[in-house]
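**Student:** Requesting a structural model of the entry that follows:
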Amino acid sequence: LGDMGARVIKVEQPGKGDDTRGWGPPFLNGESAYFLSINRNKESVTLDFKKPEGRAVLDRLIARADVLVENFRPGVMDRLGIGYETLKTINPAIVLTSISGFGQDGPYAKRPGFDQIAQGTPVSLYLHIPYCHDICWYCGCNTGAANRSHRLAAYVDALEQEIAAMAQRLGGRGHITRIAFGGGSPNSLPLVDFVRLLQQVIRCFDARDAQISVELDPRRLDRAWIDAMGVMGVGRVNLGVQTFTPAVQARIGRIQPLDMVERAVERFGRIGIAVGFDLMYGLPGQSLDDLAATLEATVRMAPARIAL
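**Tutor:** The predicted model follows:
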């Protein structure tokens, strides 16, 4: 506003002023270079508007202002007796703009924060792919069969738009430290669509050094998918193993021989990707001996993570 010619009066704390006056180095003639860069074209006044004389000055400024910009945590203006309803009684035409570290709602809304803190806040991003090529008979998840290409294409288009919308809503705040793809089975998508979604995340967010993990169905895992995981910087994959007992696999409609999983673990190991196993107990007809055999086979392959 100041750059465009408006008269901007900055209200600071008595005795110390804005905290950013002390941010440095660098300093210019004892003034913080950062403070000078973001407060150019502004005038300053110190006010304690908890005191009657300070409040009187503030009311006079409000009466003459077109816009009031405040950066308290949500609710503080109301507690100080200068919320929007009060402001309107002083100046019915005033425009109130509220800026806070983490927005006006949500789990972090009440936290204080400077711009740099908000931009650097670690954020985890989960992308859900609710489709599988084959639906396991035990599954109670809201998962659809990946048997119609137009259905998958429509979902990928919508998810790509949502990624862009969420990035716009965050407005550059937050640093993506972890990206997780789950489902369903992310490899129910055509490989080109999976790559497209991951590239959209990296393009829209600050995610240049994020840890990436992907849940995969071993039955739909070919060399192209494995190689792509390495090229795209995936650090960990979780394989839906469930059980290695053939009879139990047949009962749940999920046939995946032991050597199929062993080959996947070996190939991922060669390109430096950690592998986790998702196992289950309580499947139809599954005994403790079945579980023990599955665990023994799992330990031999030494996955980096086991979820049972």
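**Student:** Going along the chain, name the helices of the stretch 151-300 of the chain.
**Tutor:** Under the criterion DSSP state H, counting those that start in this stretch, the stretch 151-300 of the chain carries helices at the ranges 191-204, 223-231, 246-252, 258-270, 288-301.
**Student:** Format these as a markdown table; extra columns: mean pLDDT, distance to residue 51 and mean neighbour count.
**Tutor:** The way it works is simple: take the backbone N, C-alpha and C, and place the C-beta from them, glycine included. Output for the helices of the stretch 151-300 of the chain, formatted as a markdown table (pLDDT from 0 to 100; distance: least, C-beta to C-beta, whole Å; neighbours: other C-beta atoms under 10 Å):
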| stretch | mean pLDDT | distance to residue 51 | mean neighbour count |
| --- | --- | --- | --- |
| helix 191-204 | 92 | 47 | 16 |
| helix 223-231 | 93 | 63 | 15 |
| helix 246-252 | 94 | 72 | 16 |
| helix 258-270 | 94 | 66 | 16 |
| helix 288-301 | 96 | 69 | 14 |
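**Student:** I'd like the ones you listed as CSV, with distance to residue 181 appended.
**Tutor:** Output for the helices of the stretch 151-300 of the chain, formatted as CSV (distance: least, C-beta to C-beta, whole Å):
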stretch, distance to residue 181
helix 191-204, 8
helix 223-231, 10
helix 246-252, 23
helix 258-270, 15
helix 288-301, 22
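**Student:** Ok, which of those comes nearest residue 134?
**Tutor:** For these, the distance to residue 134 is smallest for helix 246-252, at 10.6 Å, taking C-beta to C-beta.
**Student:** Of all the helices of the stretch 151-300 of the chain, which one is nearest residue 143?
**Tutor:** Among those, the nearest to residue 143 by C-beta to C-beta is helix 246-252 (14.1 Å).
**Student:** Distance check, the residue of the chain positioned farthest from its centre against residue 59.
**Tutor:** Here the chain reaches farthest from its C-alpha mean at residue 53, the gap being 45.4 Å by C-alpha atoms, centre = their mean. Separation of residue 53 from residue 59 (C-beta to C-beta, to the nearest Å): 11 Å.
**Student:** do the same with residue 98
**Tutor:** 19 Å.
**Student:** Kindly report the same for residue 211.
**Tutor:** Between residue 211 and residue 59 the distance is 52 Å, computed by C-beta to C-beta.
**Student:** And the helix or strand containing residue 85, what's buried?
**Tutor:** Assigned by DSSP states H and E, residue 85 belongs to helix 84-90. For helix 84-90, the neighbour count (16 or more other C-beta atoms under 10 Å) marks 87, 90 as buried.
**Student:** Quick one: list the elements packing against that helix.
**Tutor:** In terms of contact count using 3 or more C-beta pairs under 8 Å, 6 or more residues apart in numbering; DSSP states H and E, helix 84-90 is assigned the packing partners helix 52-64.
**Student:** What lies in contact with the helix it packs on?
**Tutor:** Helix 52-64 has contacts (C-beta atoms under 8 Å, 6 or more residues apart in numbering) with 9, 11, 45, 47, 48, 49, 68, 82, 87, 90, 91, 94.
**Student:** Go again with 7 Å.
**Tutor:** For helix 52-64, the surrounding residues in contact (C-beta atoms under 7 Å, 6 or more residues apart in numbering) are 9, 47, 48, 49, 68, 87, 90, 91, 94.
**Student:** do stretch 127-144 as well
**Tutor:** So stretch 127-144 is contacted by 145-146, 152, 159, 181-186, 188-189, 197, 217, 220, 252-254, 283 (C-beta under 7 Å, 6+ apart).
**Student:** Between the two ends of it, what distance do you get?
**Tutor:** The straight-line separation of the ends of stretch 127-144 (C-alpha to C-alpha, to the nearest Å) is 16 Å.
**Student:** Show the average pLDDT along that stretch.
**Tutor:** For stretch 127-144, mean pLDDT rounds to 81.
**Student:** tell me which residues of that stretch are tucked away?
**Tutor:** Buried, per 16+ other C-beta under 10 Å, within stretch 127-144: 127, 129, 131, 132, 134, 135, 136, 143, 144.
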